[in-house]
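Asker: sequence plus predicted model, see below.
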Amino acid sequence: MFIGGFIHEDFSSFEFQTYFRTTPHANGGALYRRSGPSGGYEIQIYSVPGATNPTGSIYGIVGASDLPCRDGEWCLMRFVSDGAYTCVWVNGKNVAESHGLKLPDQGRLGFQMHSQGRIEYADPKIKAVALTATAAATKKNLTTKTRRSTTFLPV
């Protein structure tokens, strides 16, 4: 299903999750809302203490508040993209959130890597999300306040 590192279809208003494990100096992440060779956003994977955009950051927009994952550990990354909103969790901890992303809220999703280290991904899944008015207004507790969602699909 991946073509050139990207899923061969566009997604809008979705929840994505994957497990990942890094080696020292690994630098990459999950790209989303990508409509061509550039653009879109990246959820950063970079487990270096003191990094400007550590693991879980919405790269260049919001730095992650914590570094809840270390090299060599399997970690769970989950994020929701809905309109101008993205929220990121690493190992169940909310580490970054933005309400000001540019639209359109659609595009391809894929992984990228650009360092001497290595990032392994396991069990990536995606599902469409349609939020209730309450969840759309507050963006809180997305899992329990979804009105309609499909099951996670392997990618």
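Answerer: That came in fine, so what should we check first? Just so you know, these numbers come straight off a predicted model, no measurement behind them. Numbering: from 1, shown residues only.
Asker: helices along this structure, start to end?
Answerer: Taking DSSP state H as the test, the helices found in the chain are 133-138.
Asker: and the longest strand along it, what's its mean pLDDT?
Answerer: When the chain is parsed with DSSP state E, its longest strand is strand 119-131. In this model, strand 119-131 has a mean pLDDT of 87.
Asker: extract the C-alpha trace of it and format it as PDB.
Answerer: The C-alpha trace of strand 119-131 is given here as PDB (Å, rounded to 0.1, in the frame of the first residue of the first chain):
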ATOM      1  CA  ILE A 119      13.600   4.300  12.700                       C
ATOM      2  CA  GLU A 120      11.600   1.100  12.700                       C
ATOM      3  CA  TYR A 121       7.800   1.300  12.500                       C
ATOM      4  CA  ALA A 122       5.400  -1.500  13.500                       C
ATOM      5  CA  ASP A 123       1.600  -1.900  13.200                       C
ATOM      6  CA  PRO A 124       0.700   1.500  11.600                       C
ATOM      7  CA  LYS A 125      -3.100   2.100  11.600                       C
ATOM      8  CA  ILE A 126      -5.400   4.900  10.500                       C
ATOM      9  CA  LYS A 127      -9.100   5.600  10.900                       C
ATOM     10  CA  ALA A 128     -11.500   8.300   9.800                       C
ATOM     11  CA  VAL A 129     -12.800  10.500  12.600                       C
ATOM     12  CA  ALA A 130     -16.000  12.500  12.600                       C
ATOM     13  CA  LEU A 131     -16.300  14.500  15.800                       C
END
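Asker: and that strand, how far out from the chain's middle?
Answerer: Strand 119-131 sits 8 Å away from the centroid of its parent chain (C-alpha atoms, centre = their mean, to the nearest Å).
Asker: stretch 88-97 too?
Answerer: Distance of stretch 88-97 from its chain centroid, counting by C-alpha atoms, centre = their mean, is 10 Å.
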